[in-house]
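Student: sequence? don't have it. structure:
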């Protein structure tokens with residue numbers, strides 16, 4: 001997701017360290033301490049403008065949410081939402097979502113959301129897809145035993161690739177939706193991209209994939 005450059009973005013981020021910590025790696029293993037409770041932690045890798053993660057935090061105050069976004073001009077939009085809502089159970093990280101093990105301890109996270117990730121359709125870019133095996137390994141490290149990935153996309157090719165990647169990794173496909181908006185699934189919170197693609201008639205795919213039980 002790309003937006004016009006926002007020259008004041010660095011200053012805006014620096015003004016709200018209570019929502020976007022300046023040194024997120026200093027909180028490794030201590031995120032519940034930062035939230036001030038022992039609630040489970042859910043993260044969204046590639047949070048974009050923050051609609052999904054903000055709405056989830058509003059609906060589920062019993063869960064701590066962390067939205068991860070690398071693009072500064074995008075995360076400040078999510079920050080504006082958070083400033084307006086002032087949700088105590090939501091934090092934002094301006095970091096590379098491909099390096100989650102730098103910011104979370106082993107077993108510190110309960111659930112991962114991947115919403116409308118870049119499909120990287122060319123074969124030579126396979127390793128950049130967020131459902132590639134190296135990314136799955138990093139998610140498994142920070143997740144609790146039998147932790148889950150909740151994945152949504154409008155891209156059929158990426159969806160099929162991800163189902164295969166999850167299965168090859170030894171994950172269990174708990175639930176699969178081939179046309180989410182025409183299903184009986186309740187409680188779906190739509191992202192900005194989801195609204196955009198759905199309004200154009202695109203089918204939305206969703207899967208919940210569970211990692212195997214940890215033996216250590």
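Tutor: On my side now, so go ahead. Keep in mind that what you see is a predicted model, and the values were worked out from it rather than measured.
Student: ok, now which ones touch residue 198?
Tutor: The contact partners of residue 198, taken as C-beta atoms under 8 Å, 6 or more residues apart in numbering, are 154, 181, 190, 204. Bear in mind the C-beta positions are built from the backbone N, C-alpha and C, glycine included.
Student: hmm, who's touching the longest strand seen in the chain?
Tutor: When the chain is parsed with DSSP state E, its longest strand is strand 143-153. For strand 143-153, contacts defined as C-beta under 8 Å, 6+ apart pick out 107, 109-117, 119, 131, 136, 139-140, 159, 162, 166, 171, 174, 180, 191, 194, 204-214.
Student: tell me the buried residues within those residues.
Tutor: The neighbour count (16 or more other C-beta atoms under 10 Å) marks 107, 109-117, 119, 131, 136, 139-140, 159, 162, 166, 171, 180, 191, 194, 204-211 as buried among those.
Student: now intersect these with the strands, please.
Tutor: Per DSSP E, the buried ones among the contacts of strand 143-153 map to strands at 109-115, 205-210.
Student: residues contacting residue 64?
Tutor: By C-beta under 8 Å, 6+ apart, the residues touching residue 64 are 31, 32, 35, 37, 39, 40, 41, 42, 89, 90, 91.
Student: quick check: it vs residue 39, distance?
Tutor: 5 Å (C-beta to C-beta, to the nearest Å).
Student: find residues that contact each of those two.
Tutor: Residues touching both residue 64 and residue 39 (C-beta under 8 Å, 6+ apart) are 32, 89.
Student: on that earlier part again, could you pull up the mean pLDDT of the longest strand of the chain?
Tutor: Averaging pLDDT along strand 143-153 gives 98.
Student: neighbouring strands of it in the sheet, and parallel or not?
Tutor: Paired with strand 143-153 in the same sheet, following DSSP bridges, are strand 109-115 (parallel), strand 205-210 (antiparallel).
Student: list the buried ones in it?
Tutor: Within strand 143-153, the residues that count as buried by 16+ other C-beta under 10 Å are 143, 144, 147, 148, 149, 150, 151, 152, 153.
Student: distance to residue 81 added to those residues, as CSV?
Tutor: Converted to CSV, the buried residues of strand 143-153 look like this (distance: C-beta to C-beta, whole Å):
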residue, distance to residue 81
143, 26
144, 28
147, 26
148, 25
149, 24
150, 20
151, 23
152, 19
153, 23
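Student: this completes my enquiry, with thanks.
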